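[1] kindly return the folded structure for what I paste below:
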Amino acid sequence: MSHPISSTPSVPFGPDDAWLDAECRRLLDFGRRVVHPTGGAAWLDDDGAPDLSRPVHTWITSRMVHVFGLGALMGVEGSASIATAALAGLRTTLRDPEHGGWFGSVDAGGAPVEETKACYAHAFVMLAGSTAVVAGLPGAAPLLEEATDVFLERFWDDSLGRVADEWDRAWTAPLPYRGLNSSMHSVEAMLAVGDATGDRAWHDRAARIAEMVVDLAAAHEGRLPEHFGPDWSPDLELNRDRPDDPFKPYGATVGHGLEWARLLLHLEATLGDSAPAGLLDTSRLLFDRAVADGWDVDGAPGFVYTTDWSGEPVVRTRMHWVAAEATAAAATLHRRTGEEGFALQSAEWWDYVVEHLRDTERGSWHHELDTANQPAATVWPGKPDLYHAVQATLLPRLPLAPSLASAVALSASA
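    Predicted coordinates:
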């Protein structure tokens, strides 16, 4: 049975609830062939067909468990079986049976391609596990228990309130790099785990990372450093020679400023009076800086991918996930403040999504556009990711807390 989501009024001026619901279901329909024969989720091509020449990635598998778990909670036919099949890949193929934790990716035969144990991927395993638990999927509870145990033992540094980023396969030593991207997705996962389990210590851990982000935003005028040394000193020049790196690009990442702006408000709503000071002010700072630096700054609409530390664009290609996070951040700020300007911005960016990113012929959204807003495949060939787009269709219709799976479950039961 399909369960519409209508727990709170949607953002005015933009797409209405019916359109957002239909778009969410259209996106999920695109991903129906995602289950890989080896286990986990396949990389999808432009038509939604599995590209079996590519490895099976833990982060993609986890995101697909998450979005189809949300689909199951919404009553979208077939979603529970897809999420369960992808979840099985996390329990078997992608899991390291010798040392524990999860490989970054495996090949079609199940042999590890990326043996490094990354916080980024493990945070998404926690998100997948928490959504699967809320959705009541088989095998979800032991997966989430293992994922949280590994995270606390290997990645969480309780003395600093921060996360380590990468380990070697055997967990002999953490690698020296520290990153804000893994920190960001750890916050997202911590909020979800806390909501799914009722263990509020996860929310408190998320708050400690957020305090670091508040300080970084103030120190760098809203352009967050992404890369750090082992002592958490910012490395502002990392990958200057590879500025379009898909996970560690040089400079300030516009979409991450928007994503952090949203997450800080989810954390504030979750913690209430015990939330760290300055979350709303920092959310505004990050949002305003990302919009000023990134939106419509080079002669064509769209958000550039990255800028240097003065705000000058570096990588000008348009990534679909940045526009998705922009609509969601604006909707979140509108819900928090009631200010009409945020609703107008969200509507403007949805217009951009519909005109340039939404692929009505082959499905889903184009993942990457060039500076003329034509489909490109420099960084993201194919359409492997439904996570940002699906969430963008849900967030305007839900309260700031609890996190998505718990909020969808509450809405479906209302």
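
[2] drop to CA atoms for contacts and neighbour counts, all remaining ones
    Will do.

[3] the helices in the stretch 101-250 of the chain, which residues?
    For the stretch 101-250 of the chain, the helices defined by DSSP state H, counting those that start in this stretch occupy 119-135, 140-150, 180-197, 201-219.

[4] and the angle for the first one with helix 180-197?
    I take that to be helix 119-135. Put simply, helix 119-135 runs at 20 degrees to helix 180-197, going by axes from the mean of the first three to the mean of the last three C-alpha atoms, to 10 degrees.

[5] alpha carbons of helix 119-135, as CSV, please.
    Backbone C-alpha positions of helix 119-135 (Å, rounded to 0.1, in the frame of the first residue of the first chain) are rendered in CSV as follows:
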residue,chain,number,x,y,z
CYS,A,119,35.1,6.4,7.3
TYR,A,120,33.0,7.8,4.4
ALA,A,121,31.9,4.3,3.3
HIS,A,122,31.4,3.1,6.9
ALA,A,123,29.2,6.1,7.7
PHE,A,124,27.0,5.1,4.8
VAL,A,125,26.8,1.6,6.1
MET,A,126,25.5,3.0,9.4
LEU,A,127,22.9,5.1,7.5
ALA,A,128,21.8,2.1,5.5
GLY,A,129,21.6,-0.1,8.6
SER,A,130,19.5,2.5,10.5
THR,A,131,17.1,3.0,7.6
ALA,A,132,16.8,-0.8,7.2
VAL,A,133,16.0,-1.2,10.9
VAL,A,134,13.3,1.4,10.7
ALA,A,135,11.9,-0.3,7.6
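
[6] all numbers from here: first residue = 872
    From this message on, residue numbering opens at 872, which makes the last subject helix 990-1006.

[7] and it, what does it pack onto?
    With contacts defined as 3 or more C-alpha pairs under 8 Å, 6 or more residues apart in numbering; DSSP states H and E, helix 990-1006 has these neighbours: helix 929-944, helix 950-962, helix 1011-1021, helix 1051-1068, helix 1275-1284.

[8] if we use 7 Å, what do you get?
    helix 929-944, helix 1011-1021, helix 1051-1068, helix 1275-1284 (3 or more C-alpha pairs under 7 Å, 6 or more residues apart in numbering; DSSP states H and E).

[9] give me whichever of those is most buried.
    helix 929-944 (a mean of 28; mean count of other C-alpha atoms under 10 Å).

[10] follow-up on the earlier one: let's have the helices of the stretch 972-1121 of the chain in CSV, adding distance to Arg903.
    Shown next, in CSV, are these (distance: least, C-alpha to C-alpha, whole Å):
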stretch, distance to Arg903
helix 990-1006, 17
helix 1011-1021, 20
helix 1051-1068, 24
helix 1072-1090, 32
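
[11] picking that back up, as TSV, the helices and strands packed on helix 990-1006 with distance to Val1005 would be great.
    Formatted as TSV, those follow (distance: least, C-alpha to C-alpha, whole Å):
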stretch	distance to Val1005
helix 929-944	8
helix 1011-1021	9
helix 1051-1068	6
helix 1275-1284	6
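
[12] select, out of those, the one closest to Arg1187.
    helix 1051-1068 (19.8 Å; C-alpha to C-alpha).

[13] quick one: the closest one to helix 1011-1021, angle?
    Going by the same axes, to 10 degrees, helix 1051-1068 makes 130 degrees with helix 1011-1021.

[14] and the contacts of helix 1051-1068?
    990-991, 994-995, 997-998, 1001, 1004-1005, 1034, 1036, 1071, 1073-1074, 1077, 1097-1098, 1131, 1134, 1273-1274, 1277 (C-alpha atoms under 7 Å, 6 or more residues apart in numbering).

[15] could you list the alpha-carbon positions for that helix in CSV?
    The C-alpha trace of helix 1051-1068 is given here as CSV (Å, rounded to 0.1, in the frame of the first residue of the first chain):
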residue,chain,number,x,y,z
LEU,A,1051,35.4,17.0,6.4
ASN,A,1052,33.4,15.0,3.9
SER,A,1053,33.6,11.9,6.0
SER,A,1054,32.8,14.0,9.1
MET,A,1055,29.7,15.4,7.3
HIS,A,1056,28.3,12.0,6.5
SER,A,1057,29.2,10.8,9.9
VAL,A,1058,26.9,13.5,11.3
GLU,A,1059,24.1,12.4,9.0
ALA,A,1060,24.6,8.8,10.0
MET,A,1061,24.8,9.6,13.7
LEU,A,1062,21.5,11.5,13.7
ALA,A,1063,19.9,8.5,11.9
VAL,A,1064,21.4,5.9,14.2
GLY,A,1065,20.3,7.9,17.3
ASP,A,1066,16.8,8.1,16.0
ALA,A,1067,16.6,4.4,15.0
THR,A,1068,18.0,3.0,18.2
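
[16] now the angle from that helix to helix 1275-1284?
    Using the same axes, to 10 degrees: helix 1051-1068 against helix 1275-1284 is 40 degrees.

[17] show me what contacts Asp887?
    Ser881.

[18] all strands in the stretch 1172-1285 of the chain, in order from the N-terminus.
    All strands of the stretch 1172-1285 of the chain, identified by DSSP state E, counting those that start in this stretch, fall at 1177-1178, 1189-1190, 1239-1240.

[19] elements contacting the first one?
    The contact analysis (3+ C-alpha pairs under 7 Å, 6+ apart) places strand 1177-1178 against strand 1123-1124.

[20] and the next element down the chain from the strand it packs on?
    Once the chain leaves strand 1123-1124, the next helix or strand it forms, by DSSP states H and E, is helix 1125-1142.

[21] which element follows that following helix toward the C-terminus?
    Past helix 1125-1142, the next helix or strand by DSSP H and E is helix 1150-1165.

[22] thinking again about what came up before, between the strands of the stretch 1172-1285 of the chain, which one is nearest to Glu1219?
    strand 1189-1190 (15.7 Å).
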